[in-house]
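1. coords below, sequence missing:
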């Protein structure tokens with residue numbers, strides 16, 4: 001882990017408001033890109049020394065990553081990078097399939113033209129983005145732009161949490177099958193139906209989008225012989 005962190009910290013990245021945000025973003029990138037592989041221990045003392053911060057922002061960042069299903073706290077081991085299994089992916093997509101259509105239905109009547117333009121700009125940005133590690137954040141921003149007017153803070157918080165946890169699955173899609181599996185056609189169809197205020201069509205597109213993404217990922221994880229849990 002030391003070599004991976006050293007390489008990561010040598011890179012120049014965006015500035016963050018707090019040490020916690022910086023640590024969280026750096027560790028997230030390392031986990032999603034595989035620089036910190038599944039099962040890697042994340043020792044607070046070592047991380048604090050590597051990032052040149054106290055243990056408090058390290059601890060807070062690890063808890064944020066735990067909420068995003070990227071880190072697990074195990075008895076007698078502490079924090080470790082999670083294993084990626086077909087069951088993990090199915091669980092994430094099942095939760096998203098329960099939350100996101102509800103968020104969309106509640107949000108749709110209140111979305112503005114500015115919201116639709118923002119969502120369209122994000123889809124375009126995904127097309128032009130050359131850094132795969134940024135695709136997860138763009139995907140989250142697109143979906144949350146359509147859910148943001150739901151007026152249900154706890155539903156939106158849960159939705160955002162599980163969307164964040166899906167970043168790693170999106171990267172696997174791209175790595176295994178190429179950018180065609182970003183499903184940009186489905187994103188645009190979802191945006192078009194939402195713009196037309198067709199709640200039934202929009203939620204049907206969203207449900208199909210999530211189901212197809214899950215099926216593709218299940219096939220990939222099972223084919224590569226991921227552990228069963």
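-> Now that the structure is in, tell me what you want to look at. All values derive from a computational prediction rather than experimental measurement. Numbers count the residues shown, from 1 in each chain.
2. what's the longest helix in the protein?
-> For the chain, the helix reaching the highest residue count under DSSP state H is reported as helix 199-223.
3. Report the buried residues of it.
-> Neighbour-count burial for helix 199-223 flags 199, 202-203, 205-206, 209-210, 213-214, 216-218, 220-221 (criterion: 16 or more other Cβ atoms under 10 Å). Where C-beta positions appear, they are placed from N, C-alpha and C, glycine not excepted.
4. Using CSV, please lay out those together with pLDDT and distance to residue 126.
-> Below are those laid out as CSV (pLDDT from 0 to 100; distance: Cβ to Cβ, whole Å):
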residue, pLDDT, distance to residue 126
199, 98, 24
202, 99, 19
203, 99, 22
205, 98, 17
206, 98, 17
209, 95, 14
210, 96, 17
213, 90, 14
214, 92, 19
216, 86, 17
217, 85, 18
218, 88, 23
220, 73, 20
221, 75, 23
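5. how far away is residue 195 from residue 94?
-> Separation of residue 195 from residue 94 (Cβ to Cβ, to the nearest Å): 28 Å.
6. pretty sure residue 80 belongs to a helix, no?
-> No. Secondary structure of residue 80 (DSSP: H, G, I helix; E, B strand; the rest coil): strand, not part of a helix.
7. That one: how many residues sit nearby?
-> By other Cβ atoms under 10 Å, 17 other residues sit near residue 80.
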